[in-house]
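Colleague: What follows is a predicted structure for the sequence shown.
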Amino acid sequence: MNVWRSLRRDGWALAGAVVVVLFVLAALFAPLITGVVGQNPYTYHLSTLDGSGAPKGFGGGISAQHPFGVEPLTGRDLFAIVVYGSQVSIAVGIAASVVSVLLGALVGLVSGYFGGWTDRIVSRVVDVMLGFPSLIFMIALTAIVAASFPRPALIVLVIGFFGWPAVARVIRGQVLTLKRRTFVVASEAMGAGPGHVLLTQLLPNVFSTLLVYAAILVPASIGTEAALSFLGVGVPPPTPSWGRSIGDAVAWFSTDPAYLVFPGAALFLVTLGFNVFGDGLRDALDPRVSRRGSHRRRTAPVPTEELV
Amino acid sequence: MTGTNAQDEAVLSVADLSIAFGQDEADRVVHSVGLDLRAGRVLALVGESGSGKSVTAMSVLGLLPPTAAVTGSIRLEGRELLGADASTLREVRGGRIGTVFQEPGSAFDPVYSIGDQIAEALAAHGRRRSRAETAERIVELLTSVGLREPERIARSFPHELSGGQLQRAMIAMAISCDPVALIADEPTTALDVTVQAGILDLIRALRDTRGTAVLLITHDMGVVADLADDVLVLRAGEVVERGPVQQVLTAPQHPYTKALLASVPSLAALRAVPRPGAASGAAAAAPTDRAVAVLDHASVTYRRRGAVVRAVDDVSISVDAGRVVGLVGESGSGKSTVGRALLGLVPVSGGRATVAGVELAGAGRGRRRAVRRRIGTVFQDPASSLNPRNTVGWSIAEPLQLAGRLDRAKRADRVARLLDDVQLPRDFAGRYPHELSGGQRQRVAIARALALDPDLLVADEPTSALDVSVQAAVLQLLKDLQARLGFACLFISHDLAVVRELASTVVVLREGRVVEQGPAEQVLTAPADPYTARLLAAAPVADPAAQAERREAWRQLEEVR
């Protein structure tokens, strides 16, 4: 497929994809990777700390056993924390974007295709949602909901719920133009019901937009999860989370700057990776960007003469 | 050259022109084309899509994208244009060579008035003028292209004018600096025939009164017969035939020209005078019990900015089983709306619409959907009537899937047989629409329409987006399938000659009303209504002598009007 071909030619997208794949692998094989250096994110190493609780030695206690140093006060291995932290970030990021994209696609397709009152009501709801102070609402919600409700699932739902309006609005716009295209009218003229038109005619044509949105929503969701954990309403300790480590590290910055650097760099790299990859994907899927000049003419149909 | 006044110096002389979009020999789209444009003569550059006719014309103006490699020589009044610097080319464009484009609606900038845009063209070339002088010149130009109320036109914005008015204004702009040559790229293709006849008359007048040399680019042999003095036939970037119009159109030498002319649908000679006392032509024959689709005093209205617009007004049509009814009209006549009303896609507000014995207005949603499955539809633009994300086989099987009659294996089998019916190879089922040519796509659309053995086929301008040779093949296919399968067909078209090929009955629509209906031979040779007569007279035929007669007839009808 020429999407892959143009993605491969885009150096930035390729680099982004490599970064993303590395982090996903790290998340999947976290126990294996940390096992190699013989560490886990839960064991305390108080011997690595000095009297004030700060890590002993250079760069927050970097050593052969602790490649990224250790956590102040507890002495837990920071490398293990960062590697395990990618599990929460990536799982929450992907799950939340899937929720957003599914909701957004459903709402956008339905409101764009049916129009009328459905569309008017949905569009107003989208306007309200987009203007909503979502972070404050999320903090309030995570504080109110009973502790027995699994925290990661709640975060996925909350982030996903605030991501769909943007997707819905874009999909609705595309559907508005698509539904006037002749192939949709032709399908209706054949006696197709709304379900058939939505699933077989419209959905395949907005699918590339959904893919791009998913790729761009993942880093945004990862960022939101980190922000919630930073504010202390994310996943509960002791589950490692970059956001919480960054939140803790702020207080230690003057004595142990390395504690901020490693989780921060991980968060930065993974969001940048996803964003750059998403950009590349959008360019690859957009015919106006990818097919230019002679390339386009080469792929033009070659009509067989006797079959005109 | 073959022109009678060959001794005259050519205004524009193109020699050994080759154009390539890339390095390879295969990327070459124009192969050593030569042509001479002489003052007071019209040279027609004829060819089907992809023949390189527009590229050739744009190369004269230096308006090709930078990826194009142009070699050869283009001389205007003895000056070489190929490789000339930007300021020379700017002086030539609009100054020495005027250009008229196909789509007048998009050739004008929508945010400026017509007058402003002509003033801009005047300011770009020629001497400085005062404001009053400019205004005076604009009015003079607009008057010279036959526009009434030139002051109002100058003040108008493009969306306030009709296609014909815009094209006249475009011509006024093209001649604003008294160019020696005019390039008209499909100047009438986007216009209705009656408007086209007027525009062609105007270009002819410019040639005669101003001695302008005209390079006319067209695919329409009727337009060539009407306007051209000399013809150059292009095929895949190569000149296959050239000569005076009479010779090329009546005694073509090259097999390609012969085939091209043979595929042009023709109109019979016209008895232009409306039959006296036969004005009852608009009355419909009472629907028989063989009628598959009936519109009985049907109206379709819709609201536009609060006002009620009648797109279809009190129309009665009946399509009998096994018959083809041609529905003819110009743009805005409501002919497509009639088709959509029969499909139940737009509601009928007055009267009745009945298909296969089911009245659409009274039927519930499920019943309406069931009726639609007994109607096949072919739309105008094959590029957009197939879903680009699905394979051809999927599209053809879609109605079968919707009807839920056959399982997967039987569907595939039916698709294969339908592909045989429309004379496409069976392995096309796995291809995507963008891998097919326009004619092939239209065949796929026909296969899809016939998948459920419909009682009625609604074909809305099925060939107007196709080249003539492709059109002829598709029409023949429709004719054969109709004869074999015996479905009733409502054939909607703006082209009277195309309708004549297929239809046994013809209905003429104008502004949502039926002005005439009856047997095809009668309506198309001896029309009862003056509007039908004008429509017929305005449609050009591909024979210069016959076309001259038709033109005369058209002029007379216009005067009577």
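Modeller: In hand now; what should we look at?
Colleague: how much space between the spatially most central residue of chain B and residue B:220?
Modeller: Taking Cα atoms, centre = their mean, the centroid of chain B lies closest to residue B:189, which sits 4.8 Å from it. Per Cβ to Cβ, to the nearest Å, residue B:189 is found 7 Å from residue B:220. Yep, even glycine has a C-beta here, placed from its N, CA and C like the rest.
Colleague: how about the nearest residue to the residue nearest to the centre of chain B, chain neighbours excluded?
Modeller: residue B:102 (5.3 Å; Cβ to Cβ, 6 or more residues apart in numbering or on different chains).
Colleague: Could I get the pLDDT score of the one you found?
Modeller: For residue B:102, the model assigns a pLDDT of 82.
Colleague: ok, it - contacts?
Modeller: Residue B:102 makes contacts with B:185, B:186, B:187, B:189, B:190, as judged by Cβ atoms under 8 Å, 6 or more residues apart in numbering or on different chains.
Colleague: between those, which has the most around it?
Modeller: The residue in those with the most neighbours, by other Cβ atoms under 10 Å in any protein chain shown, is residue B:187 (29 neighbours).
Colleague: give me the element it is part of.
Modeller: According to DSSP states H and E, residue B:187 maps onto no helix or strand at all.
Colleague: before we move on, back to that, confirm for me that the residue nearest to the centre of chain B is in contact with residue B:218.
Modeller: Yes - using Cβ atoms under 8 Å, residue B:189 is in contact with residue B:218, at 7.4 Å.
Colleague: related to what we said a few turns ago, could you pull up the residues touching the residue nearest to the centre of chain B?
Modeller: Listed by Cβ under 8 Å, 6+ apart, the contact set of residue B:189 reads B:102, B:218, B:219, B:220.
Colleague: and the first one, helix, strand or coil?
Modeller: Reducing the assignment to helix, strand or coil with DSSP: H, G, I helix; E, B strand; the rest coil, the entry for residue B:102 is coil.
Colleague: Can you pull the phi and psi angles for residue A:233?
Modeller: Dihedral pair for residue A:233: phi -120, psi 20, per degrees, to the nearest 10.
Colleague: do residue B:358 as well
Modeller: Dihedral pair for residue B:358: phi -110, psi 130, per degrees, to the nearest 10.
Colleague: To what extent is the nearest residue to it once chain neighbours are set aside buried, counted in neighbours?
Modeller: Once flanking residues are discounted, residue B:358 sits nearest to residue B:371: 4.9 Å by Cβ to Cβ, 6+ apart. For residue B:371, the neighbour count with other Cβ under 10 Å is 23.
Colleague: ditto for residue B:370
Modeller: Here the number of neighbours of residue B:370 (other Cβ under 10 Å) works out to 15.
Colleague: Could you do residue B:233 as well?
Modeller: Residues within reach of residue B:233, counting by other Cβ under 10 Å, total 24.
Colleague: So it belongs to a helix, correct?
Modeller: No - with three-state DSSP as the criterion, residue B:233 is assigned strand and is not in a helix.
Colleague: Give me the distance between it and chain A.
Modeller: Distance, residue B:233 to chain A, by Cβ to the nearest Cβ, to the nearest Å: 17 Å.
Colleague: Spit out the contact partners of that residue.
Modeller: Residue B:233 touches B:46, B:47, B:239, B:240, B:241, B:242, B:248, B:254, B:256, B:257, B:260, counting by Cβ under 8 Å, 6+ apart.
Colleague: contacting residues around residue A:267?
Modeller: For residue A:267, the residues meeting the contact criterion (Cβ under 8 Å, 6+ apart) are A:89, A:222, A:223, A:226, A:242, A:243, A:246.
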